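> Sequence and predicted model, in that order:
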Amino acid sequence: MEKILSAAISPLELRSVEQGMPLVKEIAASGGAITERFDKVLKLMGLGLEVHEAIGNQETKTWRQLQERLEELPTPQRGSWQQLAALESTFTTELKDTILHHLAVAKNYEKTLKKKEAARLQQQSMAAVERCRLALLSLVEDDGLKDKTHSGLKACLARMKDLTDAMKKMEELNVAGDAEDRVSGCHKAWNAGRAAVQQFSEKQVRSAKAFIWLRQQNLAHCARLLDTAGILERLHILRTSPQRLEAIGLPYRCRYLLFMAAERENLSDDNFAPKLEEVPEEWEQRTSRHLNLKFFEKQGGQQKRQQMQWEWPLPRGLVAWQGNAEGSTSEAWQKRDEEHALSSQMVNQSNVVVDPFREGSQCLLCHQNAENGHHTSSTHCQQMKQWKIASDRLAMVCLDLDTLSQDEARRPGLASVWRGELWEALRASPAIPTNVLAVFWRRVVLPQLSLQNSKHDSESLLGLQALLKEALKVARILEEDATDKEVSAAITSAERFIDDTKYPGLDKSSIALAAAAIKDLRLATAKILHTRSAVLKNAVAILGQAQAKVKHHSLEPAFHATFHSWLKKHKLETCFKLLDQRGVIVSILKGDPVEANAAVGLPTRFAEKLWKAWCSDGDLRLLRPLCSPPDDWEAVFSRNVGLFYFCKRVVHGPAQWMYPPTLAEDKLPKVQGNLEDLTRGQPHSGSVPYVEIDLNGEPVCLLCKAHGLEHFASAGHARNVNLWSAIQDRLVAADRDLAVQSTSLTSHSTSSQLSELAKVWVGEIQRLTLEQNTGADLEGQVGRTFWHLLFDDWAAKASRPAQVQQELERALRIAGLAEPKWSSLQWKPRIPPQPDVDFPWPLPSILTLSASTPAEVFDHLNAEALKSEGIKVQADGSFWCAFCDKAVKPLANHLDRTSLEAIARLEATAIRLEAKQHLDSRDVAQTVVASLRAEGHELGREGMTISKRRFRCGLCNISGSWTRCLEHRSSRSHQDAYQRFQGSTSSIAAQAKLNNSSFIEVEQTAWKAAFDAMDKW
C-alpha cells in the first residue's frame, strides 16, 4: 500500500504541486493511519503551493514568513513510510532552497530601493543646502549686511539657522561625492554670515569710538561720509587699504590727516573693538544655543521678560552714533562746536547782502558807530584785514570745490564734509578774531546755508557750491574782481613749472617757487569764480596739474622711506640706491611699468622678489608715501596753496615743502665680535685660517675661542666645522650666481651703478655669512669669525662686481683648506699658568684690626698690606680685588671685618657684608689654589686651560671663572666628553694622547716649579 500511494503522488515537486493536490486530498480522506499520514503531506504541499504562487514577489517580509512556516512543519520521520518520507525530504529541501533564493533576491531588490531613496534624499538635501547657502550669501556683502537694519539682521540669522539645519540633515544622510566641497562652501557662507552679524552687533560701539577718535583729530565733519561708505566702524583699514578712502572723495587735507593720524597712532582694529570689561554691569553676554553666536541680556529690573539684543551695549560715557542725514551726530556736534566758539559774540543771523558787517549805524566788527569816516579808521582797517583773511579762506574752499569733477561732485554725503571744511578753514591758524569770525559766519555763510532761505539744496555738493559762491559775493562786496590779464600772468607763472623740459624734477628751492606761483594763481582765480570764462577753466586746469606735480615731488622722499622699509623687511635694502639710480622708485610712484633691465646684475634672490613685487598687482604697487613726518617735524596745511608743507618743531624752525629726509646713508653693517679680543697666534701656512699657532706651539681655534689640540678632537669643534662648511656652500652658490649675473652687465653701466651693485653683492655675501638657521650663539660666532678672517679687510672698499667676484673666489679657496697635519708639527710641553697673573695667589693677611680701628686707616694701608688682601693699585689709582674680581671703593667697606659676630647674626650693614663676601672669596681662592697645586697639571690633558682669571674647556667648549675650573672638571658633562675623547680613534685624538704621554713628567715638574716659586714670593 505505501509503495502504491507513494508512487501515485510521485514525483513530489514544486512545479507539479498544484496538479498533485487533488489526489493527495483524496488519499487523505481514506481515513485511519493513511489520513493521519497524508495530512502532513497535504500541509507540506499547501506550503509548496503558496511558495509557487509567491514566486515573483520581491518583499522580504513574505519570504521570511514562508521560511518561518517551513521551519514550523515537523521534520519527516522515516518509519514504515520510508518512500513517502524520502519524497517529503526532497520536497522540503526544494522548498527551502527556493525560499532562500527568493529571499536573497528580495533583499537585493530592497537594498537597491534603499540606495535609490538615499540618493534621492541626498540630492534633495544638497539642493536644500545650496538654496540656503545662496539665500544667506544674497544677504551679505564685503561690508557686512546688505540691509543694515534689524530686519536685515533677523533675515540673516534665519538663513543661518536654515543653513545649519540643512547641513545637519546632509551630515545625517552621509552625503558623499562632492560633499566636501559643498561643506567647505557652506562653511564659508556661514562664516560670512557670522562676520556680518558680528559687524552689525559691534557697529554701534565701533562707530561711537571712531567718532570720538575723529573729534580728537578735528575731523568730526568727515564721520557721516565715512559712515555712508561703510568705513567709520572700520577706520583701522586706513593703514592697510588706503585706496578705500581715496575712492569716496574726501578732501585732500582730510585724507592726508587721516592717513597721518593712522600712521602716528599705529591704528589697529583694537582701537575700536568693543571689550567685555567696558560693558555696563546690568548687561550680560550669552551664547545662542542654535547658532553659537554671542548676544546680550539686560539683567534686573521689574520686567518679567529680560531685554535681549544682538548689539553690544554702549559703554558708559559714549554717545550713540546717528548717521541719518537729518540730525546726524557729526552735524549736531559741529553745530554745538560753532555755537560754543561764537557764544561770546551777540551777532544775530541776518539775510542781508549789503555791507554785512554793518547793522544800521553800528559797525559789528568794531562795535562802534559806523558814521563819520569810521571805515577809514585804523581800528576798522585792522578788522577789515581779518575780514579779508576770512573771505580768502572762503574763496579757497570755493576754488577747491570748483576743481572737483562732475562725478566727484555727485557723490552723496560730501556736502556736510565741505561745510565742515569751511568751518575748519575759518578757524585755522593764524586765528581770526572771534568777533570777526562771528559776523562772517552768521551774516555771510549761515544765511546762504539756511534751508528755508536757499535757492539750492545745501545737502548736495553742487548746491553747496552755488550757495558758497553767493556767500563769497557778499563777503567780497567791497573788493574788485581780478582782471583777465592778472589771471593770465599768474597762469603763465605757474605753467612753466608744469613743463618737464624746463623742470623735469623739483628740488628744494624750485618747489618753493612753484608753491608761490600756485598761491598767486589760486588767489587770482578765486576772484573770477563767478565768471565761468575760458580763462577760469584754463586756470583751474593749470592749478590741478601744478598741484599734482608739487605734491608728487614733495612726497617723493616719503615714498622713498616707505620703499626702503619694504626692502628692509625682505632683506633687500642694499639695492635701494641702485634701484633709485635706475628709475625704479619713480616708475612705481607714478604707476608706470618698470624697465625690463631694472634688475640686471642683482642676485637672483633680489631679482625674483622684486619682479614679483613690482608687477601690476605686486606688493610694491600697493605702497603709499608716508604721511606722518619724523617726530621732530609737523605737517601743516597751506590753505592758499592747497597742499601740506613741513615745519621743524622748534621756535622759528625751518619750513619746507619737501618731506623731511629720514634715510641715513646706507653703509655695510659693522660685524660685532672682532677677533682682536682673543688670544691670537700666527696663521699656519697652507691650512684653514681659523687655526693659528701661539708662541708656545699650542694650536688656537678661532672658531670656538679655544686652545689645545684636545679641543680639535671634540664634538663641539666638529659641529662648528660643519657650520663653517655650510657657510662655504652658501657662498659657493652665491659665487656661481655672481658669475652668471656679471655676464649680463653691459658696457653702458655707469661707474656709479657698478659701485652700488658691488655694495649689493657684498651685502648679500655678509647676509649669507652671518645667516643663522638655528639662532644658536655658536652659529653666530662661526659666521662672525668667517667674516672677520676672510672679508672684513676688503668688503668696504669693493667698487666693482668683478672685484667682489675675485675676492669671493679667493676667500672660498682659503676657506676650503684643510686643518694642519698635526703629526708634522713640533710639539712642546704645555707651559703652566702663571700664579698672580692667570689666577690670584693668596697670601697670609698681615692686617691687625680692632673694633676701634677708624675708617681712615684703610685709606693709608701700604702696598704690602693690600697685597696680602689680594688688592692691587691700578694705573689710574683705583683699587682692584683679585679675589672678588671687582673694583673696590672705598677700602674700609671691603676690608673692615671687625664685626664678624654681627655678620654671623645677620645684623651687620651692607658695608660689613661686603667685607664678609671678601673673606669668603679669599677662602675660595685658597681652597682652589691648594687643589690646583696637587692636581692642576692634569687639566691640560683633559683639554682645560687657565688664563687671565678664566678657565676654558676645549672638550666642552665652555668657559668661566677660574674658581669654577675644578667644579667643571668633576661635572658629568665634562667626564662624558673626556671619555669620548679617550675612546676616539681619530688622528687628532691619537696625536693629543701621544703628546700627553710624552710630556707628562715634564709638565708635572714645570707645574710644581711654578707653585714652589710662588711660595718664596
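Structure received. Treat the numbers as computed from the prediction; the structure is a model and nothing was measured. Numbers count the residues shown, from 1 in each chain.

> Could I get the average pLDDT for the helix ranked longest in the chain?
The residue-count maximum for a helix in the chain (DSSP state H) belongs to helix 82-137. Average pLDDT, helix 82-137: 85.

> Pull the distance from that helix to the chain's centre.
Relative to the chain's own centre, helix 82-137 is displaced by 60 Å; criterion: CA atoms, centre = their mean, to the nearest Å.

> for stretch 975-990, same thing?
Distance, stretch centre to chain centre, for stretch 975-990: 49 Å (CA atoms, centre = their mean).

> could I have it exported to CSV, CA atoms only?
The C-alpha coordinates for stretch 975-990 follow below in CSV (Å, rounded to 0.1, in the frame of the first residue of the first chain):
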residue,chain,number,x,y,z
GLN,A,975,83.5,63.4,32.3
ASP,A,976,81.4,62.2,29.4
ALA,A,977,83.3,64.5,27.0
TYR,A,978,86.7,63.2,28.3
GLN,A,979,85.6,59.6,28.0
ARG,A,980,84.6,60.2,24.3
PHE,A,981,88.0,61.8,23.7
GLN,A,982,89.8,58.9,25.3
GLY,A,983,87.8,56.4,23.2
SER,A,984,88.3,58.4,20.0
THR,A,985,90.4,56.8,17.2
SER,A,986,90.8,59.9,15.2
SER,A,987,94.3,61.0,14.2
ILE,A,988,93.8,64.3,16.2
ALA,A,989,92.9,62.4,19.3
ALA,A,990,95.8,60.0,18.8
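
> list the helices and strands the longest helix of the chain packs on?
helix 2-9, helix 32-54, helix 60-72, helix 150-172, helix 179-216 (3 or more CB pairs under 8 Å, 6 or more residues apart in numbering; DSSP states H and E). Backbone N, C-alpha and C define where each C-beta goes, glycine included.

> Rebuild the ones you listed as CSV, extending it with mean neighbour count.
Output for those, formatted as CSV (neighbours: other CB atoms under 10 Å):
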stretch, mean neighbour count
helix 2-9, 14
helix 32-54, 17
helix 60-72, 15
helix 150-172, 17
helix 179-216, 18
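
> number of nearby residues for Gln982?
Neighbour count for Gln982, taken as other CB atoms under 10 Å: 10.

> That one and Ile528: what is the separation?
Computed with CB to CB, to the nearest Å, the distance linking Gln982 and Ile528 is 101 Å.

> swap in Asn435?
To Ile528, Asn435 is 30 Å away according to CB to CB.

> Could you pull up phi and psi at Leu966?
Dihedral pair for Leu966: phi -70, psi -30, per degrees, to the nearest 10.

> Can you list the low-confidence ranges for the stretch 251-400 of the chain?
For the stretch 251-400 of the chain, the stretches with pLDDT under 70 are 300-306, 324-328, 344-354.

> What segments of it are helices?
Taking DSSP state H, counting those that start in this stretch as the test, the helices found in the stretch 251-400 of the chain are 252-264, 329-341, 378-402.

> Trp441 against Leu342, yeah?
Yes - under the criterion of CB atoms under 8 Å, Trp441 makes contact with Leu342 at 6.6 Å.

> Compare the helices of the stretch 251-400 of the chain and give me the one nearest Ser755.
Checking the helices of the stretch 251-400 of the chain against Ser755 by CB to CB gives helix 252-264 as the closest, at 33.9 Å.

> rewinding a little: tabulate the helices of the stretch 251-400 of the chain (a markdown table), appending mean neighbour count and distance to Thr785.
Formatted as a markdown table, the helices of the stretch 251-400 of the chain follow (neighbours: other CB atoms under 10 Å; distance: least, CB to CB, whole Å):
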| stretch | mean neighbour count | distance to Thr785 |
| --- | --- | --- |
| helix 252-264 | 20 | 41 |
| helix 329-341 | 16 | 64 |
| helix 378-402 | 19 | 63 |
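
> re the thing from before, lowest mean pLDDT across the helices and strands packed on helix 82-137, which one is that?
Mean pLDDT is lowest for helix 2-9 out of those, coming in at a mean of 59.

> For my notes, confirm Leu745 occurs in a strand.
No - checked against DSSP: H, G, I helix; E, B strand; the rest coil, Leu745 lies outside a strand; its state is coil.

> need the contact list for Arg867.
Let me fix one detail, which is that residue 867 is Lys and not Arg. Lys867 is in contact with Leu843, counting by CB atoms under 8 Å, 6 or more residues apart in numbering.

> Tell me which residues of the helix or strand containing it come out buried.
With elements taken from DSSP states H and E, the one containing Lys867 is helix 863-868. Using 16 or more other CB atoms under 10 Å as the test for burial, helix 863-868 gives Ala865, Leu866, Lys867, Ser868.

> Could I get the average pLDDT for that helix?
Averaged across helix 863-868, pLDDT comes to 86.

> what about the strands in the stretch 601-750 of the chain?
In the stretch 601-750 of the chain, the strands defined using DSSP state E, counting those that start in this stretch lie at 633-638, 643-648, 655-656, 682-683, 691-693, 699-701, 706-707.
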